[in-house]
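# need a 3D model of the following:
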Amino acid sequence: MTYGKGSDQAAMEYGLEYNPPMNAVTGERNLKEAKMILDNLGVVFLLQSGSCLGAVRDNAFIPWDDDIDISSVLGMNGLNEETIYVALATFRSRGYYVRKNSSNLDGPPYAISHSVIKDYARLDWSCLLVVDGVIRSYPGVQVPATLFTHPREIEFLGEKFFVPNPPEEYLRLKYGEQWMVPKKAGEYEKDVVEKIPSTKMVGGTCRFRVLDHEGEPVPSAEVVLVGGGNSKTDEYGYAEIILSVMEGSNYYALIIRYPGHEQVLYEEEMVPDKNYVYRAGTYSTKAGSALGEFGTLGNVLLPDEHMP
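Residues are numbered from 1 along each chain as shown. Just a heads-up that it's a prediction; the model follows:
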């Protein structure tokens with residue numbers, strides 16, 4: 001690996017952009033260290049997303065998984081923002097690089113989320129708020145809060161970990177009826193996003209331009225913000241969607257559709273009042289720039305400073 005030193009900003013940013021497969025031995029060490037840190041602070045956490053899927057289905061990390069996914073419920077066992085930042089300070093003291101992903105409790109994603117990385121193994125920790133009896137799991141899957149607030153304990157990697165309860169129901173809601181079928185990056189994303197209902201977001205406008213493989217504008221293309229709204233491009237290829245206003249940026253999933261073309265963009269870091277351009281073929285171009293194996297590509301959209 002030539003990106004960063006493994007526990008720094010360069011390693012973090014490359015990991016979020018290209019999501020290379022995680023070394024399972026390093027991942028196990030980091031997960032157990034995170035457990036020690038959070039257990040010492042009395043913070044209850046659960047394995048979620050791919051980490052829960054691997055633990056329940058395979059009793060192992062998924063071989064091509066790119067990170068460790070854990071979550072906590074705000075208010076559960078007294079968890080508050082102060083405790084979160086004490087935990088993050090402990091991670092830093094133990095050699096981790098810490099990055100804030102999102103922080104918004106007044107609207108979607110109703111979470112405070114951070115990533116920490118050491119020796120190229122990234123751990124994503126989402127502290128989730130219960131709203132109207134549900135918890136939102138990225139990129140907007142609504143899960144009954146009771147699955148998280150009454151977790152199940154399982155044996156994993158020789159230790160005890162919590163998972164949503166029942167885990168089979170959580171994994172069905174997250175990954176669909178075929179969650180027992182192993183799927184790699186590029187295969188599972190559509191299963192996740194296609195069943196997330198649209199909701200009206202209140203916030204700032206984000207403008208897009210959709211271009212085809214030749215760089216020509218695509219009229220009447222559909223731009224879908226997963227879990228949010230959707231919009232059609234005008235004759236010049238421009239569309240607008242609404243993003244929540246929050247501190248810093250946030251990750252979103254999108255779908256770009258027009259006749260003969262559909263692309264799921266699973267991890268796009270965006271902010272309101274900014275302009276972005278999507279060009280068909282950019283995904284393949286970005287894949288070609290990866291330094292070795294890669295997973296779900298992030299930030300395929302490009303900033304468009306020339307958009308009016």
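# can you give me the strands in the stretch 101-250 of the chain?
111-118, 121-128, 134-137, 141-144, 152-156, 159-163, 203-211, 222-225, 230-232, 238-244, 250-258 (DSSP state E, counting those that start in this stretch).
# tell me the contacts of residue 147?
Counting by C-beta atoms under 8 Å, 6 or more residues apart in numbering, residue 147 touches 135, 164-166, 169-170. Quick note: C-beta positions are derived from backbone N, CA and C, even for glycine.
# ok, of those residues, which come out buried?
Among those, those scoring as buried are 135, 164-165, 170 (criterion: 16 or more other C-beta atoms under 10 Å).
# for those residues, which one is nearest residue 28?
When the buried ones among the contacts of residue 147 are ranked by distance to residue 28 (C-beta to C-beta), residue 164 comes first, at 21.0 Å.
# tally of neighbours for residue 153?
A total of 11 residues lie near residue 153 under the criterion other C-beta atoms under 10 Å.
# now the helices for this protein?
For the chain, the helices defined by DSSP state H occupy 9-18, 24-40, 49-53, 81-93, 146-149, 167-175, 189-193, 282-288.
# which stretch among the strands of the stretch 101-250 of the chain comes nearest residue 35?
Of the strands of the stretch 101-250 of the chain, nearest to residue 35 by C-beta to C-beta is strand 159-163, at 6.8 Å.
# orientation of the closest one relative to strand 152-156 in degrees?
140 degrees (axes from the mean of the first three to the mean of the last three C-alpha atoms, to 10 degrees).
# how about strand 159-163: buried residues?
For strand 159-163, by 16+ other C-beta under 10 Å, it's 161-163.
# where does pLDDT dip in the stretch 1-150 of the chain?
1-2 (pLDDT under 70).
# circling back to that earlier point, out of the contacts of residue 147, who's nearest residue 277?
residue 135 (33.5 Å).
# hang on, isn't that closest one packed against residue 143?
Yes. With contact defined as C-beta atoms under 8 Å, residue 135 counts as touching residue 143 (5.1 Å).
# so what touches stretch 28-46?
By C-beta under 8 Å, 6+ apart, stretch 28-46 touches 51-52, 61, 68, 70-73, 76-79, 83, 86-87, 90-91, 94, 116, 118-119, 121, 123, 125, 148, 151, 157, 159, 161-164.
# ok, back up a step: need the buried residues of strand 159-163 in TSV with pLDDT, can you?
Shown next, in TSV, are these (pLDDT from 0 to 100):
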residue	pLDDT
161	98
162	98
163	98
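# out of the residues you listed, which comes closest to residue 297?
Checking the buried residues of strand 159-163 against residue 297 with C-beta to C-beta, the nearest one is residue 163 at 27.7 Å.
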